[in-house]
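A.B. asks: This is a predicted model, with the sequence first.
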2 protein chains.
Amino acid sequence: METDTATTSTTWTIGELADEFGVTHRTIRFYEDQGLVTPERRGTARVFHVRDRVRLALVLRGKRLGFDLGQIRRIVDMYDEEPGEEGQLRYFLEQIAARRAELEQRRQDIETTLAELAEVERRARETLTNLA
Amino acid sequence: METDTATTSTTWTIGELADEFGVTHRTIRFYEDQGLVTPERRGTARVFHVRDRVRLALVLRGKRLGFDLGQIRRIVDMYDEEPGEEGQLRYFLEQIAARRAELEQRRQDIETTLAELAEVERRARETLTNLA
DNA sequence: TCTTACCTTTACGTTAACGTCAAGGAGAAG
DNA sequence: CTTCTCCTTGACGTTAACGTAAAGGTAAGA
């Protein structure tokens, strides 16, 4: 019996990640085609490392937010951008500002909607009380 | 010259709404097919009233949030739900709670992402300063 | 009356993001 | 060696949300 010293494995198969994140193999392979994850290959099999796991989580969070994969890639790629020289860095900061602007627009829309739903709910509760 | 007493018209053509909201006629007609707007018909022409204008704005806000039209309809329809009897109202409140839960999940995701981007930005600025 | 602008329906085309077979390899267990 | 289980690569299918002609109606202005 091989000792399982690694506490929890530091690599994953496609099936393990699929189970953990509740997606199909197909989805993960699709994300690989799109360059969102880049698993190592041992022979023909895929071996996913921590970086891939993190990126997959980021992608799925982006999906929950309703971003398309293009937008998602732009955000995810920011997480492991290399320093680079000044021009690059300034451009990079511009990109970050743009993403932030989008996210803040969304947050604003969400807060407006939540406020309106609260009002709709208030009226419904009122009507309900008046039935008693 | 017909007096334009109506300050700004209280009805709109499809083109006016399309221009105002930056979408195409096709999009609005599609939303009509989906029952998201229900313009009056005068002969064959569509006449949009305030209700349609409001609903269109809600739909587009839903799109900015990345909801699909199914989710959007569920939210939008809440805005002009009729009181109804107790069972209906309780079900209605459940639905509101569900939509709110989705929106709050999104808000959480957005705040996490904004925080992470702020950190990424901080590091980029740091690197930039160290070049001077 | 003839443009011109705006509207109409019908209907096939397109893109994103996977779903869904089909056919087969690789290794561990019995 | 055979049977499982999990993996692999194609490759065509599907759904949502419109895009994009095609072909024509209508009302106002020159």
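C.D. replies: Arrived safely, thanks for sending.
A.B. asks: Test my guess that A:Thr10 contacts A:Phe48.
C.D. replies: No. At 10.0 Å, A:Thr10 and A:Phe48 do not qualify as touching, with contact defined as C-beta atoms under 8 Å. All C-beta spots, glycine's among them, are computed from the backbone N, C-alpha and C.
A.B. asks: Settle it for me: which of these two has more neighbours?
C.D. replies: More neighbours surround A:Phe48 than the other of A:Thr10 and A:Phe48, with 22 against 10 (other C-beta atoms under 10 Å in any protein chain shown).
A.B. asks: And the strands in chain A, which stretches?
C.D. replies: Using DSSP state E, the strands of chain A run over A:40-42, A:45-47.
A.B. asks: so which residue of chain A comes closest to chain B?
C.D. replies: A:Gly66 (1.4 Å; C-beta to the nearest C-beta).
A.B. asks: Report the inter-axis angle for the lengthiest helix in chain A versus helix B:86-129.
C.D. replies: Counting by DSSP state H, the longest helix found in chain A is helix A:86-129. Angle of helix A:86-129 versus helix B:86-129, following axes from the mean of the first three to the mean of the last three C-alpha atoms, to 10 degrees, is 160 degrees.
A.B. asks: is helix A:86-129 up against chain B anywhere?
C.D. replies: Yes. Judged by C-beta under 8 Å from any C-beta of the partner chain, helix A:86-129 and chain B are in contact via A:86, A:89-90, A:92-93, A:96, A:99-100, A:103-107, A:109-114, A:116-117, A:120-121, A:124-125, A:127-128.
A.B. asks: so how far is that helix off the chain centroid?
C.D. replies: 17 Å (C-alpha atoms, centre = their mean, to the nearest Å).
A.B. asks: Briefly note if it comes near DNA strand C.
C.D. replies: No. Against DNA strand C, helix A:86-129 shows no contacts by C-beta under 7 Å from any atom of the strand, the least distance being 14.8 Å.
A.B. asks: burial count for A:Val76?
C.D. replies: 22.
A.B. asks: Spit out the contact partners of it.
C.D. replies: Contact partners of A:Val76, counting by C-beta atoms under 8 Å, 6 or more residues apart in numbering or on different chains, are A:Leu36, A:Arg55, A:Leu58, A:Val59, A:Gly62.
A.B. asks: Save these as CSV, and put in neighbour count too.
C.D. replies: Output for these, formatted as CSV (neighbours: other C-beta atoms under 10 Å in any protein chain shown):
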residue, neighbour count
A:Leu36, 20
A:Arg55, 23
A:Leu58, 20
A:Val59, 24
A:Gly62, 22
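A.B. asks: Buried ones among the residues of helix A:86-129 next to chain B?
C.D. replies: The neighbour count (16 or more other C-beta atoms under 10 Å in any protein chain shown) marks A:89, A:92, A:96, A:99, A:103, A:106-107, A:109-110, A:113-114, A:117, A:120-121, A:124, A:127-128 as buried among these.
A.B. asks: Which parts of chain A belong to which domain?
C.D. replies: When chain A is parsed with automatic domain parsing, its domains come out as A:9-66, A:81-132.
A.B. asks: which of the ones you listed has the lowest average pLDDT?
C.D. replies: Mean pLDDT values for the domains of chain A show the minimum at domain A:81-132, a mean of 93.
A.B. asks: Can you get me a residue count around the closest residue to A:Glu32 other than its chain neighbours?
C.D. replies: In space, A:Glu32 comes closest to A:Pro39 once its chain neighbours are excluded; the distance is 6.5 Å by C-beta to C-beta, 6 or more residues apart in numbering or on different chains. A:Pro39: 21 surrounding residues under other C-beta under 10 Å.
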